[in-house]
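>>> pasting the sequence and the predicted model now:
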Amino acid sequence: MAELTVDDLHMRYGDTPILNGVALTLERGQVVSLLGPSGSGKTTLLRAVAGLETPYQGTIRIGDQVVFDGARALDVPAERRNLGLVFQSYALWPHKTIFDNVAYGLKLRGHSAADIKTSVTRALEQLSLGHLGQRYPHQLSGGQQQRVALARALVYNPPVILLDEPLSNLDAKLREEARAWLRELIVRLQLSALCVTHDQAEAMAMSDRILLLNGGRIEQQGTPREMYGNPSTLFVADFMGSNNELKGDIVEARDGVATLNGDGFSVTGAARSGAATGVPGVAMIRVERVRIADAPGPNRIAAKLVTSMYIGDRFEHLFEVGKGRLRAYGDSALEAREAFHVELPRESLWIFRAGS
Amino acid sequence: MSTVPAAVAPVAPNTLLARFPRALTILVTASAVLAPLALILYQSFLTAPFFDASKKVGLGAYRFVFADPDFWQAFLNSFTLAVGMTLIAVPLGALLAFVMERTDLPWKRVLEPMILVPSFVSPMVLSFGYVVAAGPVGFYSVWAQDLIGTAPWGIYSIPAMAVIAGLTHVPNVYVYATSALKSLGSDVEEAARTAGASPFRVAATVSLPLIAPALLFSAVLVFFLGFELFGLPLVLGDPEGHLVLSTYLYKLTNKLGVPSYHLMAAVAICIVAVTFPLVLLQRRLLQNARRFATIKGKAGRMKALPLGRWKPLAMALLLAWLFLAVIVPVSGIALRAFVTNWGIGVSLLDAFTLDNFRAVFEEPTHTRAIVNTILIGTIGGAIAVACYTAIGFATHRRNDGWSRFVDYLVLVPRAVPGLLAGLAFLWVFLFVPLLAPLRATLFSMWLAYTVVWLAYGMRLISTSLFQVSTELEEAARTIGASRGRISREITLPLIRHGLLGSWLLVFMIFEREYSTGVYLLAPGNEVIGAELVSLWQGGAIDVVAALSLVNIVLVAIGLAIALRFGVRLRD
């Protein structure tokens, strides 16, 4: 069953619209990520679910209980929604010990001291924090603080936990470890989680489904594979992954296949949203799909090598095509010579209408 | 995490009960602030004191006051003083702020608290200090006569008063200028320096223009304080008979020989009519200054500007000001408290005595004043901070009509000088039957003090409250804590250090206060500040000197504790 249902949510600050009719569902045991550039409304959506922001239209249901309904002016206050929220800054209370931080939610629910001790100890142990109960937040490392914040949100078994950029305060190396650990924990404890992030790799690694927000609307939603491999708009294609873009005119678009002519090249690929004969278009391909060929051929473009950069696990080559640039990965450095032929395989190339 | 039974939303009675403390707080605050003011307004439209059976509603009081040339002279004097002191305090305060905040001047840690001294010592005490130090037979005047045959200054004229008021109000400018300078990146100054500008040129052409909004605010503040001046013109204006608005009001009682409350009320309303717009203007300008503060230069990286060969000049300027604004008056009082008399040909050693203090400690009125002053600062200060905190919580993180109402409400007492507020509270305690028995107790004094310093106290509290990150409170909300519990269990423990600091600052302010108690003074609730005004009128110089010194010592103790515990003396 759906643990969380949001329908047609609208919200604004003053005259500035922030959310323009967002809808989502979160099934039990699922992780759904809200992904998007800054200002897309993802954090606002999370805070609206938590009850910390007040929309003016739409509904929010937790399980079968309606907690917000714009039409009925129903707005259950945050403290009575019984959710768990993990803040980006962790927001641990500096004047309480780790134990007391985690215990607070149970204390508010009137549990007995013995009960609280058992539950908090168990929660801390599950997150490998068992020995830190009597410390204060400032005595913990960033990674430990993050786990305390999680324990505090989980200990009273909320039906949904909300994570606001949970990994962004960790340094790069720790973040990759924490990502795997967090995913494993969510699966093990059968949690239902709604997670805000601006990092597409993090979203793909952690979630069952991704909702990509743009300007207060959901641009596309789906599994990480669908989002990465089958983007429906230029915005989604551009946001997920590293890409090459070539501008030109669509000279033919028929049966899901389009051909785009640009400054000295012509390529054919899958026709995407709005691609039609005679309109300006953009050809897009993931950097890792670009191949380097020896001879001219279909979907191959003559290009001049600008530079070859060694970036540790591979080389990144930069080519010049007319006024545009193309990037490709390779295993070895390339000798600078006049002309290379860069192949954009037809099955990996998408052709969008410009500005779609 | 399966031990906890499927959670039930915690009980949070978001009902009338939960809102009641807030409504009560706002109601009490509103009545404490507005009732006295309403009473003044009402009284000003009567033709006789409000308890007089023959009173009628009318404009007689205003007609009388506006027909009195003394009133207009007093108004002109107030205006002249306000303009004069603004012209002196603003450039000097800005320059000192630049030198202290942005340059490599040595001994800053010692100098900083000394610069703030004039804002913690009672103006009554300071003015008295100038009389005994630099008056016609003051210590420094007599020494100057011995040395060079003449003392080429006078302190009883209007220009002299403007200079003294200007010098002693430098800290008011200094605190706002330094906090604005703090938020300015030093890169803009370094750019000017590398382009070839001397330190003072940098100050004049780069740093100070960039903090113009803060300086404009402090100019309006000082001008406003000029209209509020009471102790200084009372002490220094008396010998030559110069009146300003507040002293005109104070002397009105004697003018007709009968209680002239209606006339006093009319003058009071005239003063508030000038000060209230100034307070609103200050609020505006302060918001502006804050907005500007955050957008210039890269703040955070602070590098002191080397003064180089300008260092002696900067130091000389600072020491000269310190000498005139702090050392002269304070040393004057300290000396005067220990001599029997003073004049030409008297030796300090021969005149040495402890009799002045004996006189103070043998007179029950004076000892009671000292005990009361300590009580009102410590216990009264603590209760005042508790009240300010309650009001702070009533508006904290709530952006509704009531919060905005309280925002403006706390500004109102700011526009009512202490002397008027004390008068208004006297009337409240005479007028309201239930309160009448409390008139001669310390409670009346405390209530007036607490209301007069409401805006100051609220600023201290809200500074503390805003340091608590929103997320810490939101975290408690999402976990299920009601507003009341968040306030008690999260926010309050987090601001406890700020509250202790506020208590110390309020202690110092309450020790320093003098004008609020002038009319409330009654046997039993004497405080040093108001007692000094009354003793000065009676000419008891010896006792005034000794009590003034006691007052300075009390403030100094507060200052020492504050410095010891690292309390920020300003925001």
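Right, received. Where do you want to start?
>>> can you give me the strands for the stretch 201-350 of chain A?
Secondary structure of the stretch 201-350 of chain A (DSSP state E, counting those that start in this stretch): strands at A:209-214, A:217-222, A:243-254, A:257-262, A:265-271, A:280-286, A:291-293, A:300-310, A:315-321, A:324-330, A:340-343, A:350-353.
>>> which one of the ones you listed lies nearest to chain B?
Smallest distance to chain B across these (C-beta to the nearest C-beta): 21.0 Å, for strand A:209-214. Where you see a C-beta, it was placed from the backbone N, CA and C, and this is true even at glycine.
>>> give me the helices and strands touching that closest one, please.
In terms of contacts (3 or more C-beta pairs under 8 Å, 6 or more residues apart in numbering or on different chains; DSSP states H and E), strand A:209-214 is packed against strand A:31-35, strand A:217-222, helix A:224-229, helix A:234-239.
>>> any idea how far whatever helix or strand comes next after the shortest one is from the chain center?
Proceeding C-terminally, strand A:31-35 gives way to helix A:42-50 as the next helix or strand, assigned by DSSP states H and E. In terms of C-alpha atoms, centre = their mean, to the nearest Å, the centre of helix A:42-50 is set 14 Å apart from its chain centre.
>>> beyond helix A:42-50, next helix or strand please.
With elements assigned by DSSP H and E, the helix or strand that comes after helix A:42-50 is strand A:57-62.
>>> identify the residues contacting that following strand?
The contact list for strand A:57-62, computed with C-beta atoms under 8 Å, 6 or more residues apart in numbering or on different chains, reads A:2-10, A:21-22, A:48-49, A:66-71, A:81-83, A:159-160.
>>> swap in 6 Å and give it another go.
A:L4, A:T5, A:V6, A:D7, A:D8, A:L9, A:H10, A:V49, A:V67, A:F68, A:D69, A:G70 (C-beta atoms under 6 Å, 6 or more residues apart in numbering or on different chains).
>>> among those residues, which lie within helices?
Among the contacts of strand A:57-62, DSSP state H puts A:V49 in helices.
>>> need the contacts of strand A:57-62 in CSV (columns: neighbour count, distance to chain B and pLDDT).
Output for the contacts of strand A:57-62, formatted as CSV (neighbours: other C-beta atoms under 10 Å in any protein chain shown; distance: C-beta to the nearest C-beta, whole Å; pLDDT from 0 to 100):
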residue, neighbour count, distance to chain B, pLDDT
A:L4, 24, 14, 95
A:T5, 17, 18, 95
A:V6, 24, 17, 95
A:D7, 16, 21, 94
A:D8, 14, 24, 94
A:L9, 26, 18, 95
A:H10, 17, 20, 95
A:V49, 27, 10, 95
A:V67, 23, 10, 95
A:F68, 24, 14, 95
A:D69, 17, 17, 95
A:G70, 18, 20, 91
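>>> about what we covered before: for the strands of the stretch 201-350 of chain A, give me CSV that also has mean pLDDT.
Shown next, in CSV, are the strands of the stretch 201-350 of chain A (pLDDT from 0 to 100):
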stretch, mean pLDDT
strand A:209-214, 94
strand A:217-222, 93
strand A:243-254, 90
strand A:257-262, 91
strand A:265-271, 90
strand A:280-286, 93
strand A:291-293, 89
strand A:300-310, 89
strand A:315-321, 90
strand A:324-330, 90
strand A:340-343, 90
strand A:350-353, 92
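>>> and B:T178, which of those is closest to it?
Each of the strands of the stretch 201-350 of chain A was scored for nearness to B:T178 using C-beta to C-beta, and the closest is strand A:209-214 (44.2 Å).
>>> how about the closest one as PDB, C-alpha atoms only?
Written as PDB, here are the backbone C-alpha positions of strand A:209-214 (Å, rounded to 0.1, in the frame of the first residue of the first chain):
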ATOM      1  CA  ARG A 209      12.400   5.500  -8.100                       C
ATOM      2  CA  ILE A 210      13.600   9.000  -8.900                       C
ATOM      3  CA  LEU A 211      11.400  12.100  -9.400                       C
ATOM      4  CA  LEU A 212      13.200  14.800 -11.300                       C
ATOM      5  CA  LEU A 213      11.900  18.200 -10.400                       C
ATOM      6  CA  ASN A 214      12.200  21.300 -12.600                       C
END
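>>> ok, now which ones touch B:R564?
Neighbours of B:R564 in contact, by C-beta under 6 Å, 6+ apart: none.
>>> how much space between it and chain A?
Note on B:R564: its distance to chain A, by C-beta to the nearest C-beta, to the nearest Å, is 23 Å.
>>> for B:W402, which non-adjacent residue is spatially closest?
Here the nearest residue to B:W402 in space, its sequence neighbours aside, is B:I26; by C-beta to C-beta, 6 or more residues apart in numbering or on different chains that works out to 5.9 Å.
>>> wait, is that neighbour part of a strand?
No. Going by DSSP: H, G, I helix; E, B strand; the rest coil, the assignment for B:I26 is helix, not a strand.
>>> and it, how many neighbours?
Residues contacting B:I26 under the criterion other C-beta atoms under 10 Å in any protein chain shown number 19.
>>> go on, B:A546?
For B:A546, the tally of surrounding residues (other C-beta under 10 Å) stands at 24.
>>> per-residue confidence for B:L87?
Among the per-residue scores, B:L87 shows a pLDDT of 97.
>>> apologies, that question was intended for B:L37.
For B:L37, the model assigns a pLDDT of 92.
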